[in-house]
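Participant: Here is a sequence with its predicted model. Questions after.
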Amino acid sequence: MSDESGRPIAVIIGMMGAGKTRVGREVSQMMGVPFKDADIEIEHEIGMGIPAYFERYGEQAFRDVESTLIRRTLEGFDGIFALGGGAPMTPSTQEALADYIADGGRVIYLQADPKEAMERANRGGGRPMLNGGDANERWMRLYEQRDPVFDRIANVHVRTHGSTPQMAARKVMNMIEERVVHVDVVASDDYDVRIGEGALNHLAGILGSKPVRIALIHTQPVQRHSDRARALLRQAGYQVSDIVIPDAEAGKTITVANGIWERLGNEGFTRSDAVVGVGGGAATDLAGFVAATWMRGIRYVNCPTSLLAMVDASTGGKTGINTKVGKNLVGSFYTPAGVLADTTTLASLPNDIFIEGLGEVAKSGFISDPEILHILEEHAGELRAFDGATLIGSPLEDVVSELIERTVKVKARHVSADLKEAGLREFLNYGHTLAHAIEKLEHFRWRHGNAVAVGMVYAAELASLLGYIDRDLVDYHRSLLASLGLPTSWNGGSFEDVIALMHRDKKARGNKLRFVVLDGVGHPVHLDDPPADAVEEAFRRIQH
Ligand SMILES: NC(=O)c1ccc[n+]([C@@H]2O[C@H](COP(=O)([O-])OP(=O)(O)OC[C@H]3O[C@@H](n4cnc5c(N)ncnc54)[C@H](O)[C@@H]3O)[C@@H](O)[C@H]2O)c1
Ligand SMILES: Nc1ncnc2c1ncn2[C@@H]1O[C@H](COP(=O)(O)OP(=O)(O)O)[C@@H](O)[C@H]1O
Ligand SMILES: O=C(O)C1=C[C@@H](OP(=O)(O)O)[C@@H](O)[C@H](O)C1
C-alpha cells in the first residue's frame, strides 16, 4: 500500500486528544505500513522533551523545528504520518500540506467529539499548549481557532464521535482505501464519485455548513442504508425531512415529485438547503429531479445502493421521471454536489439486480475500457453467483470496486466532455436503441441492464452485417454476456413494434434511425440511417 514516490499514504491532523497518535498507529497496523508521529520524531531530533524545549526556546523556535521536520518527512516517508496538534497552523506547514495534496496526498482531519478529545488531552499532561489557566478553557479556545483552519486544509474529514480507537481507525482506513473519480463539468461545478466502504461518511463534508434542512429521499428496501445516512446527517446537526417514496419505477412520477415539492414548501426549504437521495437508480433519478426543480435548483448528493445506480444512473447528472407516454421523458441535466457509492450497501442487493448492473459495466468495457471485459471474463463465475451477504471483506469486493471505478471513469470521461449529450456522450447509449424498445414492449418488467445486454448483441449483429466488426466479436458479445447471467436474445415482440419504437428513440433525427455500433472494442461510432434490411436481419438474429 505504501507510495513508491516516498510520500506518506496519509497525514493525520486534528486537535490535541483527537487520537492522531493512537488511531494513526492502529491504521498503520491494520494496513501493514510504517507509522510516524511528528512529536516523537521532533523529540529525537532536539534531544529533549517538547515541554522542555518550549520552556527553553519558546513556541516559535519549536514551530520552526517542527515545520522543517514535517516538510522533510512529507518528501521521504511512505507510511501514516500524524502531526502535532498545532502544526497545521504554521503557514509553511500549510504550504507543504497543500503541495502534498496537489501531489495526490490525503490530509485527514480526525474530527473527534470536542468533549471526548478535550478530556483525553488533559489526561497525563505533557501538553505545553494547555499550560497556564484552565486547561479545558484553553483547549476550547484553541479549538475555536484551529477547527476552521483544519477543516479548510484537510481534503478528507473523518468524524470519530463515540468511536473506539479501532472503529475510528477502520473509518480512516476506509477513507484511505476508497476510490475517487473526479468529474469536471464545464457548465457546472465539478464533483467527485467516491467508491468504498463507508463512503456515506462524506455526507457532511460534501453538504458543508450552509444547509439547515436536508430532504432525505429513499425507498423502503434500502431502509437500513438510509437509516445510516439519516443518523450521519443528524449527528452533523442538519434537520432531516425523511421522505420515503414508492420503490423502483413507481417512485419516478410527477405525483411523487409534486408531493415532495409540497413538503419542501411546507417545511420551509430554502435555496441553501439540500437533497440526499439513497437507493437504486430510480430513487436517485427522482431525487435529482426534485433537487433540479425546487426553487430552480438546490444542491443534492446521490447515495446509490445498486450496482447500476453506482456505475451509471447516479453519476452523470441526468435526472428525470417517467410519464404515461414513456420512461425518462421529463427531466433535467443537473449535476450532483457529490456521489457516495458506499459499497457496504451492496450487502443487501439481490443477485438479479446486481447482475443487471453488469450489463452497463460490460457496455463500458465494449465502448471504452477493454480491461473491464478482461476482469468480467476472469471473474464471471463469482460475479454471476454474487451474494451481497458475503461480499464485504471477500476477494470479490475489490473486484467489484475495481469494476465500479473503471465504469464510472468511462462515464465521467463522456459526461465531462459532453454533459448534454450532443455527440460523444451518445456512445454511452451503446445497446440502448433496442433496449428501450424492449423495456417498453415488456411494460418495464425487463430490467434495464438485461435489455441493454440484448441491445448490445443486436448492435454487434448490425455492425457485423455492415462490415464494421467480424463474427468473432459478435460471438464474444454473446459468450461474455451469457457467462455473466445476462440475456442475449429476446422474443417478446414483432419487428414492426420494435422499429416503430426505435424511431422514437431520443437519438433518432427526423425519420432516420441512429445507432451506436462498434468499429472494434473500445471504438464506438455513430451509425446513421442504416439499410432497412440490415436493421431487420440483425433483429432476426437476436430472436432465437
Ligand atoms: N440518470 C441516468 O443517467 C440513468 C442511467 C441508467 C439508468 N437510469 C435509471 O435507473 C433506474 C434503474 O436503476 P436500478 O437498476 O438501480 O433500479 P431500481 O432503482 O428500480 O432498483 C432496483 C431494485 O433494487 C432495489 N435496491 C436497490 N439497491 C438495493 C440495496 N442495496 N439493497 C436492496 N435492494 C436494493 C430497489 O429498491 C429496487 O427494488 C431506471 O429508472 C433507469 O431509467 C438512469
Ligand atoms: N477513539 C478513542 N477512544 C478512546 N480513547 C482514545 C481514542 N483516541 C485516542 N484515545 C486515547 O486518548 C489519549 C490521547 O490520544 P492521542 O492519540 O495521543 O491524541 P493526539 O495524538 O490526537 O493528541 C490516549 O490515551 C489514547 O489512547
Ligand atoms: O448518458 C448517460 O449518462 C446514460 C443515460 C442512460 O441512457 P438514457 O439516457 O438513454 O436513458 C443510461 O442508460 C446510459 O447507460 C447512459
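Facilitator: Here it is on my side, so go on. Ligands and ions are numbered 1, 2, ... in the order given.
Participant: hang on, isn't residue 412 packed against residue 190?
Facilitator: No: using CB atoms under 8 Å, residue 412 is not in contact with residue 190; the gap is 10.2 Å. C-beta here means a position set from N, CA and C on the backbone, and glycine is covered the same way.
Participant: So for those two, which sits in the more crowded spot?
Facilitator: Using other CB atoms under 10 Å, the more surrounded residue of residue 412 and residue 190 is residue 412, with 20 against 13.
Participant: how about that one, secondary structure?
Facilitator: Reducing the assignment at residue 412 to three states with DSSP: H, G, I helix; E, B strand; the rest coil gives helix.
Participant: shared neighbours of residue 412 and residue 190, which are they?
Facilitator: When contacts are counted by CB atoms under 8 Å, 6 or more residues apart in numbering, residue 412 and residue 190 are jointly contacted by 182-183.
Participant: could you list every residue that touches the closest residue to residue 108 other than its chain neighbours?
Facilitator: Nearest residue to residue 108 in three dimensions, chain neighbours excluded: residue 156, at 4.5 Å (CB to CB, 6 or more residues apart in numbering). By CB under 8 Å, 6+ apart, the contact list for residue 156 reads 10, 106-109, 175, 205.
Participant: Between the residues you listed, which sits nearest ligand 1?
Facilitator: Taking CB to the nearest ligand atom as the measure, residue 175 is the one of the contacts of residue 156 closest to ligand 1, at 21.0 Å.
Participant: Show the model's pLDDT score for the residue nearest to residue 108.
Facilitator: At residue 156 the predicted local distance difference test score is 90.
Participant: Tell me the pLDDT of the residue of the stretch 51-200 of the chain found nearest ligand 1.
Facilitator: Among the residues of the stretch 51-200 of the chain, residue 200 lies nearest to ligand 1; the distance is 12.1 Å by CB to the nearest ligand atom. Residue 200 carries a pLDDT value of 94.
Participant: so where do the helices sit in the stretch 301-450 of the chain?
Facilitator: In the stretch 301-450 of the chain, helices defined by DSSP state H, counting those that start in this stretch lie at 307-308, 351-367, 370-378, 380-384, 388-391, 395-417, 432-441, 448-465, listed in chain order.
Participant: just checking, what packs against the second one?
Facilitator: Meaning helix 351-367. For helix 351-367, the packing partners by 3 or more CB pairs under 8 Å, 6 or more residues apart in numbering; DSSP states H and E come out as helix 307-308, helix 370-378, helix 380-384, helix 395-417, helix 448-465, helix 471-483, strand 514-518.
Participant: Tell me how far whichever residue of the stretch 251-400 of the chain sits closest to ligand 3 lies from residue 386.
Facilitator: In the stretch 251-400 of the chain, the residue that lies nearest ligand 3 is residue 316 (3.7 Å; CB to the nearest ligand atom). According to CB to CB, to the nearest Å, residue 316 stands 24 Å off from residue 386.
Participant: most distant residue from the middle of this structure?
Facilitator: Computed with CA atoms, centre = their mean, the residue of the chain farthest from its C-alpha average is residue 56, at 50.0 Å.
Participant: Surely that one forms part of a helix?
Facilitator: Yes: remark: residue 56 belongs to a helix, assigned using three-state DSSP.
Participant: For it, which residues are in contact?
Facilitator: residue 48.
Participant: Quick check: the gap between it and residue 205.
Facilitator: From residue 56 over to residue 205 the distance is 40 Å, taken as CB to CB.
Participant: Residue numbers of the stretch 301-450 of the chain in contact with ligand 1?
Facilitator: Contacts of the stretch 301-450 of the chain with ligand 1, taken as CB under 6 Å from any ligand atom, map to 305-306, 308-309, 312-313, 316, 318, 327-328, 345-346, 348-349, 353, 356, 448.
Participant: For the closest residue to residue 100 other than its chain neighbours, give its distance to residue 446.
Facilitator: Once its chain neighbours are removed from consideration, residue 100 has its nearest residue in residue 74; the separation is 5.1 Å (CB to CB, 6+ apart). In this structure, residue 74 and residue 446 are separated by 54 Å, where distance is defined by CB to CB.
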